[in-house]
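Undergrad: Sequence unavailable; structure follows:
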């Protein structure tokens, strides 16, 4: 599962983050959770990463309250880091139906944003949970356990973000900004991104205030990211990756083609801000007050095997394989108020650099470089 989430971040950033991925077992293990608990484990683990990623889409839309003159423009490149809150470093294991921690009393496991290794869980026989009896005490030591596996360990609280933005000055003292990444195809990935933002100098409409020596503007923006990923053959989840060594399995009689597996991700962010700045020679400090709404959806699509209850067949106990289609669907959203503090430096006649920090539930630290003709 780490490999999946790191891969879609890599598509946007084209960075080296992919090298931190651990073994493919992390992905297969999630499907050992069985049909009932699969979404609960996947959602608990991945939601902090999804929220961080979508929050990053709504960041770094401005670095001054000043607007361009008509047909003035700038091109700005920004990179940053979104940090998940402390409360999202773990997810709850309470409420699971057929999964029980090996260590009694364990109630949490690290999420993507957490630290350390995962927690060992046992997939239990449903009838054992119902009445305490097992199929064969010699096969499972009488404890009703089908199989044990570890949840994925933590990766990082910090998710990178990046943007390339073109801003154009229009009549009536407005700026319009565009972000656009045409659809790219990289090793089975298809990804695209676009965004649009508007900055308006509202100070000009307020008597007396309009003559004061500072800039003030309203900034509203929307951005959207979409990605499809078709799993390569070596990455596909097949029954043999779910069954422990020494055990046999009974294949699901229906739909045993696993080549359709893949992942779809959709994320968007909307933001609205009041921004104030003051130019002091070549330095422009600025502050923003606003609200950001982010949305994140992830679906693992195609046909996947999961573990069913063991059955006695052909003189031995075998695991049943139950195939499910489109097994994982995760949706999350956040609405966050924010305070942005930043500073912009004019380093050459047309070049600027800026740094800012957005204080909110998922804080974002950003630095950027721009070429501008105001």
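TA: Here it is on my side, so go on. Remember, it's a predicted structure, so these values are computed and weren't measured experimentally.

Undergrad: So what sits opposite residue 312 in the bridge?
TA: Taking DSSP bridges as the rule, residue 312 bridges to residue 317.

Undergrad: Would you mind measuring from it to residue 204?
TA: 81 Å (CB to CB, to the nearest Å). No exception for glycine: its C-beta is placed from N, CA and C like everyone else's.

Undergrad: same question, residue 174
TA: Counting by CB to CB - residue 174 and residue 204 are separated by 11 Å.

Undergrad: Give me the more crowded residue out of those two.
TA: Set side by side, residue 174 and residue 204 show more neighbours around residue 174, with 16 against 13, by other CB atoms under 10 Å.

Undergrad: doesn't residue 67 make contact with that one?
TA: Yes. Judged on CB atoms under 8 Å, residue 174 makes contact with residue 67 at a distance of 6.7 Å.

Undergrad: Need the residues touching each of those two.
TA: The contact sets of residue 174 and residue 67 overlap at 199-201 (CB atoms under 8 Å, 6 or more residues apart in numbering).

Undergrad: Please name the nearest non-neighbouring residue to residue 102.
TA: By the measure of CB to CB, 6 or more residues apart in numbering, the closest residue to residue 102 outside its immediate chain neighbours is residue 120, 4.2 Å from it.

Undergrad: now do residue 274
TA: residue 289 (5.0 Å).

Undergrad: Could you give the number of residues near the one you found?
TA: 13.

Undergrad: Geometric centre of this structure: which residue is closest?
TA: The residue lying closest to the centre of the chain (CA atoms, centre = their mean) is residue 50, at 2.1 Å.

Undergrad: is it fair to say that one lies in a strand?
TA: No. Per DSSP: H, G, I helix; E, B strand; the rest coil, residue 50 lies outside any strand segment and is helix.

Undergrad: which residues does it contact?
TA: 265, 267, 296, 298, 330, 332.

Undergrad: repeat that for 6 Å
TA: 296, 332 (CB atoms under 6 Å, 6 or more residues apart in numbering).

Undergrad: Leaving out the residues flanking it, which one is nearest to residue 374?
TA: residue 72 (4.8 Å).

Undergrad: correct me, but that neighbour touches residue 170?
TA: No. Counting by CB atoms under 6 Å, residue 72 does not reach residue 170; the two are 9.6 Å apart.

Undergrad: so when I look at residue 210, I'm seeing a helix, right?
TA: Yes. Assessed with three-state DSSP, residue 210 lies in a helix.

Undergrad: Burial check on it, number of neighbours?
TA: Using other CB under 10 Å: residue 210 sits among 12 other residues.

Undergrad: repeat for residue 243
TA: 18.

Undergrad: now do residue 347
TA: Count around residue 347 with other CB under 10 Å applied: 11.

Undergrad: Which residue, other than its chain neighbours, is closest to it?
TA: residue 353 (5.9 Å).

Undergrad: need the helix or strand of the chain with the lowest average pLDDT.
TA: helix 2-13 (a mean of 40; mean pLDDT, DSSP states H and E).

Undergrad: Can you show me the helices along the chain?
TA: 2-13, 25-30, 34-57, 126-131, 137-140 (DSSP state H).

Undergrad: For these, which has the smallest mean pLDDT value?
TA: Looking at the helices of the chain, the lowest mean pLDDT belongs to helix 2-13 (a mean of 40).

Undergrad: re the thing from before, how much space between the residue nearest to residue 274 and residue 214?
TA: In terms of CB to CB, residue 289 sits 15 Å off from residue 214.

Undergrad: Please name the residues that touch the residue nearest to residue 325 when sequence neighbours are not counted.
TA: Closest residue to residue 325 apart from its sequence neighbours, by CB to CB, 6+ apart: residue 303 at 5.5 Å. Taking CB under 6 Å, 6+ apart, we find residue 303 in contact with 255, 258, 260, 323, 325.

Undergrad: gap between the last one and residue 28?
TA: To tie it back to what came earlier, the one meant is residue 325. If you go by CB to CB, the gap between residue 325 and residue 28 works out to 18 Å.

Undergrad: These two: which has the busier surroundings?
TA: Neighbour tally, residue 325 and residue 28, criterion other CB under 10 Å: the higher count belongs to residue 28, 18 against 10.

Undergrad: count of neighbours near the residue nearest to residue 374?
TA: 15.

Undergrad: Give me the local confidence score for it.
TA: 92.

Undergrad: Give the full set of residues in contact with it.
TA: Contacts of residue 72 by CB under 6 Å, 6+ apart are 169, 373-374.

Undergrad: Could you rerun that using 10 Å?
TA: Applying CB atoms under 10 Å, 6 or more residues apart in numbering, we find residue 72 in contact with 167-170, 175, 372-374.
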